[in-house]
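Novice: Sequence and predicted structure, then a few things I'm wondering about:
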Protein chains: 2
Amino acid sequence: MNTIDTMSVNAIRVLSADAIQKAKSGHPGLPLGSAPAAYELWMNHMNHNPADPQWANRDRFILSGGHGSMLLYSLLHLFGYGDLSKEDLMNFRQLGSKTAGHPEYGHTVGVEATTGPLGAGMGMAVGMAAAEAHLAAIFNKENYPVVDHYTYVLGGDGCMMEGISSEAFSLAGTLGLSKLIVLYDSNRISIEGSTDIAFTENVQERMAAFGFQTLDVADGNNLEEIGKAIEEAKADTTRPSFITIHTQIGYGCPAKQGKASAHGEPLGEENIEAMKDFLGWPSKEPFYVPQEVYDHYAKAAEEKAEVEAAWNVMFAAYCQEYPEMEALWNQYYGGTDELAKVLMEDESFWANSEKAEATRNLSGKVINKLKDRMPNLIGGSADLAPSNKTHMNDEADFSKADYAGRNMHFGVRELAMTAIGNGMMLHGGLRTYVSTFFVFSDYTKPMARLSALMKLPLTFVFTHDSIGVGEDGPTHEPIEQLAMFRAMPNFHVFRPCDATETAAAWYSAVTSKTTPTALVLSRQNLAPMPGSCKDTLKGGYVIDDCEGTPDLILIASGSEVELSVKAKEILAAEGRKVRVVSMPCMDLFEEQSAEYKESVLPKAVRKRVAVEALSDFGWGKYVGLDGACVTMTGFGASGPAAQLFEHFGFTAEHVAEVARSL
Amino acid sequence: MNTIDTMSVNAIRVLSADAIQKAKSGHPGLPLGSAPAAYELWMNHMNHNPADPQWANRDRFILSGGHGSMLLYSLLHLFGYGDLSKEDLMNFRQLGSKTAGHPEYGHTVGVEATTGPLGAGMGMAVGMAAAEAHLAAIFNKENYPVVDHYTYVLGGDGCMMEGISSEAFSLAGTLGLSKLIVLYDSNRISIEGSTDIAFTENVQERMAAFGFQTLDVADGNNLEEIGKAIEEAKADTTRPSFITIHTQIGYGCPAKQGKASAHGEPLGEENIEAMKDFLGWPSKEPFYVPQEVYDHYAKAAEEKAEVEAAWNVMFAAYCQEYPEMEALWNQYYGGTDELAKVLMEDESFWANSEKAEATRNLSGKVINKLKDRMPNLIGGSADLAPSNKTHMNDEADFSKADYAGRNMHFGVRELAMTAIGNGMMLHGGLRTYVSTFFVFSDYTKPMARLSALMKLPLTFVFTHDSIGVGEDGPTHEPIEQLAMFRAMPNFHVFRPCDATETAAAWYSAVTSKTTPTALVLSRQNLAPMPGSCKDTLKGGYVIDDCEGTPDLILIASGSEVELSVKAKEILAAEGRKVRVVSMPCMDLFEEQSAEYKESVLPKAVRKRVAVEALSDFGWGKYVGLDGACVTMTGFGASGPAAQLFEHFGFTAEHVAEVARSL
């Protein structure tokens, strides 16, 4: 029974258990239970090349149950990825090690996505499969399937309980993403005990209802059965597939298997010894792996390298036969430096509008300026495109019938939309935007955090940015959302005041390399501001100044910039020297030099008023202990927008009054 | 064909269309399409008493598709609720009117829940049904079904696309909440067009997979068919029911019906006239309703009042036969003033711990002190109870087998958990808490916002509050979440430093009348602080002072209070006069008088350092332009917690160094 396959599976179990034991922290349950499925997949089905983890046409694998990170690290180590050495495994969960507690994209070679928040990987996998379908539709030519790979994702009961997976899978079924293959590690154990306490639904039936082919592997230790299911999944070319693999959590550890206690703590040294006995492991020495097992993995890695080599040959021929496609490929995959240069020099891109217009409209116009310059721009809305103004004119819908379409319809699924956007960016080759009302950015938050953590320059188009929403009332009026995003590391949130600032926000978004960007846009018309300019890219700048040192500074964003300029006029007529600072992006302003910041907001000027029709939270940094805020102090209300602004004190006279009181 | 029933249905359509037209804003599609289902339900099946909207045993109705608010307002008006007059309908969506854009709980009599964010109502309905099941198990006696009502919820395609509905329905199926009846208005139209673009799943099969009885009404205009389905739903006593009602969006308006354009804008005056012709409406006068229709609704209201009258008789007899149950009932439904008094006077409740202990553990002890004093306390975690320490000892699980249980198992479903918690609080009679890791509060955010907006004192137990999480790494380490909640109106977020502050946070949470409260608790042990006291209830207070006016103030929360006291000792040894302020709850501190705030943070003292192992965002309000922050400037890392604190600069020496630099 101890074939090389069994040994190779057990190597994953042993390394996982030993690393978690040494770290005194971690989650052995999933790696032990899922080792056979992961092994069978990586060894016999997945196209991947440990020597070139960035190969564009590799099959993708996401470990959605990110707590089982040692499963992934063990595989990466055994296959020889990125020199993930035995020492790295021994440093599991230690500060600065390559083997962080949960898999981190960009931190460890071979990790395709940061996971941990359950369900996230399911959404990202749908995004990767969508990206593959789109790029295949764009690039593939007869005899040249240059984009042709599967996306595999492995997750457990927790991933299936999270609503994001229902959202994402419903869309995947609608889109018929047949190269998405989900492996569901069904061990029926959650942290609080048997899943019977909270999760008795028929998962297979749910997935069938979403439009998936559903397959069942009764014995999660049976490699043949697992392999057969994966082949059946690949054979279905119209539907995504969902394979339920019945496993035992912590399999191999007699004292813990099948129990909730196997989930999230080290097995204990004695239990690990018993496990090694149970598995017939040849040594009790921690981290011991027989050379024959390493040899077996190494041989597979060599064979897999040949698959890429064959693809490279094909790709070279493709480039020769279709030089225009090679150029396009380079445009898709080649970064944004050239785009940045062209846009920066195109004055028409930066021109202000001639009349008052909603920044959501202006954003829609920018999207339609960008779409031809950025053929790899793709995106859409969570069923609000007509309101969000995100539609690319004359472009098709991305659908089962036409994966080349660039207008995506995510349905009313903000959270999955964001995960899908992340997955598309992770895939490579595309620049993606997602969109909804700003108040519903709340739903996107858990996945927007992953965008920031993974350093993915995903773009968020959030319209209806304040009480300017009007009649829809407080459920639809954002208040604290700007603060929520401003507080998040590595995230740029812009609230532009006019066409030029909106263009700048888009420029920043589409040329960003490692930071996601949100555009927060008005529903109502905003007047073009004479002073708005490319300094928007500095996050904050003087948009309207007085002569000499100001007595007072008004700081505002978006719709409140015009209001502040009007307030300034009232105050100036009274002989006060007032500066108006436009602060479209606090995050970028914070990144500027101390000198620049001082030039905009001289420390000596203590009379400062922040004006923004959202929460005051966070403005203290700029107004200090001597300033004031004209902001929202509670939720909004339902009524015509103009009345709401007046009702809540957003009038030039009230701003002037507050300024005078300082 | 124009029976009184048809006329009564069309009255809803006409009032809705006219109100939206007058407001020049609103969503006619749902009210027109769903009018028959809502009418049939309210007229012939629902127990409700327009004369007593607070009747404890009324059937609940939630309009999950809150944009269709005019459906609800029309029904409330026609049934004579709360004097919702024709003038109120004419003021639809006007500032200060009772008829806000979306239904607002607490604002309009008869509105059971604030809705608008799609899917939210589905989650809240599950919560109401859970509350009913629990209270029935506690209170009902043979022949005295004093708690015995249905919960109805009506929503559309958008509600079914949102992941929250899958989360909530999966749990409802597991729990067998048979008195939950979902009416699904299936019109196959979303804002971006046909649902075919994003939503081709088989919804009935999904719901069956969740454990629902599924029913189908082919013609949404057929009252008899609708009524039959509702009766079948009620007849199933083991499963919740899901009724798909096939409708046409905007039915009755020939120019718009079946089109996306019927969804979210007024129909137009000409189209309304055509609609009135199509419906055979007797007058074109806006808001005209024939007296016979009013009479028909009034008669029904009278009959429904008799149902409550009969219940009142039963309840009086119940109280006579079971005086101890009457006392218990009054304890459940009677508010928290008595509890507040008792807790305030119980010094053992406030006592500090004798040794260092994690605030999550201390919170668990408080829960177990409260559980006997608050028999109506019920709650649980999203599958993290052993980590969140939320288990009530010696109390049963809330399950299909035992609805009297008080320990709830929500599964890995943070968003639905929060909506369910809201629904339970909305139901009345219960005090509910929900729990997860603080970083996953991100998932709860959209529903936590509704808690705040609806003024529901739901309690959130968020543990693992900072980089103190340690090895699980950045996906599990909250950074910006404190700022996120502090920025939200009407929400109290506490980050206590020890046992006394934890007790105070719980005291504040369970005695709060209109504000939700979050407790943000440590994973790691924290030392008891000598100065901690009931002033925690003021949000911020001097926990360790110098003699005379301080030169410098250190402000901290949670685990960083002890650190700040240590830094103070270093600085004091150098001859500096340093005050340490504990700031467990910024929100409450802001609510204090200007005098109190000045006494804690004298404006003249400009050297201030905020110390908190999370984002600096929001601290500017207290440190001003001359202070500094020792906070996180990016995401965390994976490693042992003690190493992380040192790595990121959370040492007494570093705090002292920053303080000296001012």
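Specialist: That came in fine, so what should we check first? It should be emphasised that the depicted structure is a prediction, and the values quoted were computed from it without experimental measurement.
Novice: ok, residues contacting the helix or strand containing residue A:87?
Specialist: For residue A:87, the host element (DSSP states H and E) is helix A:86-90. Residues from elsewhere that reach helix A:86-90 (C-beta atoms under 8 Å, 6 or more residues apart in numbering or on different chains): A:15, A:18, A:19, A:22, A:70, A:73, A:74, A:77, A:97, A:98, A:99, A:287. In this view, the C-beta of every residue, glycine as well, is placed from N, C-alpha and C.
Novice: Which SSE is immediately downstream of that helix?
Specialist: Once helix A:86-90 ends, the next helix or strand along the chain (criterion: DSSP H and E) is helix A:120-139.
Novice: Now the helix or strand that comes right after that following helix - C-alpha only, CSV.
Specialist: Using DSSP H and E, the next helix or strand after helix A:120-139 towards the C-terminus is strand A:151-156. Coordinates of each C-alpha in strand A:151-156 appear next as CSV, following Å, rounded to 0.1, in the frame of the first residue of the first chain:
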residue,chain,number,x,y,z
THR,A,151,-8.5,27.5,-12.7
TYR,A,152,-8.7,25.2,-9.7
VAL,A,153,-9.9,26.2,-6.3
LEU,A,154,-9.9,24.2,-3.1
GLY,A,155,-12.1,25.1,-0.1
GLY,A,156,-14.1,23.7,2.7
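Novice: Name the residues of the helix holding residue A:87 that come out as buried.
Specialist: Neighbour-count burial for helix A:86-90, counted by 16 or more other C-beta atoms under 10 Å in any protein chain shown, picks out A:88, A:89, A:90.
Novice: so what's the second one closest to, chain neighbours aside?
Specialist: Right, residue A:89. Leaving aside its chain neighbours, residue A:89 sits nearest to residue A:19 (4.8 Å; criterion: C-beta to C-beta, 6 or more residues apart in numbering or on different chains).
Novice: Tell me if that neighbour really is in a helix.
Specialist: Yes - Residue A:19 forms part of a helix when assessed by DSSP: H, G, I helix; E, B strand; the rest coil.
Novice: Before we move on, what's the pLDDT of it?
Specialist: Looking at residue A:19, its pLDDT reads 98.
Novice: Also residue A:1?
Specialist: Predicted confidence (pLDDT) for residue A:1: 45.
Novice: cool, and the one 5 residues further on?
Specialist: Confidence per residue is given as pLDDT, and for residue A:6 that number is 97.
Novice: residue of chain A with the smallest distance to chain B?
Specialist: residue A:163 (2.4 Å; C-beta to the nearest C-beta).
Novice: residues contacting that residue?
Specialist: Counting by C-beta under 8 Å, 6+ apart, residue A:163 has contacts A:119, A:415, B:162, B:163, B:164, B:165, B:166, B:167, B:413, B:415, B:416.
Novice: I'd like to know which of the residues you listed are part of helices.
Specialist: Applying DSSP state H to the contacts of residue A:163, the entries found in helices are A:415, B:163, B:164, B:165, B:166, B:167, B:415, B:416.
Novice: can I get those residues in a markdown table with distance to residue B:533 and pLDDT?
Specialist: As requested, the ones in helices among the contacts of residue A:163 are exported to a markdown table (distance: C-beta to C-beta, whole Å; pLDDT from 0 to 100):
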| residue | distance to residue B:533 | pLDDT |
| --- | --- | --- |
| A:415 | 42 | 98 |
| B:163 | 43 | 98 |
| B:164 | 40 | 98 |
| B:165 | 45 | 98 |
| B:166 | 46 | 98 |
| B:167 | 41 | 98 |
| B:415 | 36 | 98 |
| B:416 | 38 | 98 |
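Novice: Identify each buried residue in stretch A:95-114, please.
Specialist: Neighbour counts over stretch A:95-114 (16+ other C-beta under 10 Å) mark A:95, A:97-105, A:107-108, A:110-114 as buried.
Novice: any chance of the buried residues of helix A:86-90 in JSON lines, plus pLDDT?
Specialist: Shown next, in JSON lines, are the buried residues of helix A:86-90 (pLDDT from 0 to 100):
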{"residue": "A:88", "pLDDT": "98"}
{"residue": "A:89", "pLDDT": "98"}
{"residue": "A:90", "pLDDT": "98"}
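Novice: out of those residues, which one sits closest to residue A:319?
Specialist: Nearest to residue A:319, judged by C-beta to C-beta, of those is residue A:88 at 36.8 Å.
Novice: Return the distance of that closest one relative to residue A:11.
Specialist: 16 Å (C-beta to C-beta, to the nearest Å).
Novice: repeat for residue A:127
Specialist: Computed as C-beta to C-beta, the residue A:127 to residue A:11 distance reads 32 Å.
Novice: These two - which one has more neighbours?
Specialist: Between residue A:127 and residue A:11, counted using other C-beta atoms under 10 Å in any protein chain shown, residue A:127 has the larger neighbour count: 32 against 25.
Novice: Please report how far that one lies from residue B:440.
Specialist: Computed as C-beta to C-beta, the residue A:127 to residue B:440 distance reads 21 Å.
Novice: Tell me which two of the contacts of helix A:86-90 sit farthest apart.
Specialist: Among those, the pair separated by the greatest distance (C-beta to C-beta) is A:18 and A:98, at 16.7 Å.
Novice: so what secondary structure elements neighbour the strand or helix carrying residue A:482?
Specialist: Element membership for residue A:482, per DSSP H and E: helix A:481-486. Where contact means 3 or more C-beta pairs under 8 Å, 6 or more residues apart in numbering or on different chains; DSSP states H and E, helix A:481-486 is packed against helix A:441-454, strand A:492-494, strand A:517-521, strand A:608-615, helix B:481-486.
Novice: Return the list of helices and strands in contact with the first one.
Specialist: Using 3+ C-beta pairs under 8 Å, 6+ apart as the contact definition, the elements that helix A:441-454 packs against are helix A:120-139, helix A:414-427, strand A:431-437, strand A:459-463, helix A:481-486, helix B:441-453.
Novice: Pick the most buried one from those.
Specialist: Across those, averaging neighbours per residue (mean count of other C-beta atoms under 10 Å in any protein chain shown) puts helix A:414-427 on top, at a mean of 30.
Novice: Show me which of the contacts of residue A:163 is closest to residue B:190.
Specialist: Using C-beta to C-beta, the contacts of residue A:163 come closest to residue B:190 at residue B:162, 11.9 Å.
Novice: Now the closest one: closest residue in space that isn't a chain neighbour?
Specialist: Counting by C-beta to C-beta, 6+ apart, residue B:162 lies nearest to residue B:119, which is 3.1 Å off, once chain neighbours are set aside.
Novice: The one you found and residue B:153 touch, don't they?
Specialist: No - using C-beta atoms under 8 Å, residue B:119 is not in contact with residue B:153, being 10.5 Å away.
Novice: okay, and the common contacts of those two?
Specialist: Counting by C-beta under 8 Å, 6+ apart, the common neighbours of residue B:119 and residue B:153 are residue B:64.
Novice: buried residues in the helix of greatest length in chain A?
Specialist: Longest helix in chain A, counting residues (DSSP H): helix A:291-321. If you call a residue buried by 16+ other C-beta under 10 Å, then helix A:291-321 has these buried ones: A:293, A:296-297, A:300-301, A:304-305, A:307-308, A:311, A:314-315, A:318-319.
Novice: Next: stretch A:390-410.
Specialist: A:390-392, A:395, A:397-400, A:403-410.
Novice: three-state assignment of residue A:579?
Specialist: Classification of residue A:579 using three-state DSSP returns strand.
Novice: and it, how many neighbours does it have?
Specialist: Around residue A:579 there are 23 residues (other C-beta under 10 Å).
Novice: Spatially nearest residue to it (excluding sequence neighbours)?
Specialist: residue A:550 is the one closest to residue A:579 (C-beta to C-beta, 6+ apart), at 3.9 Å.
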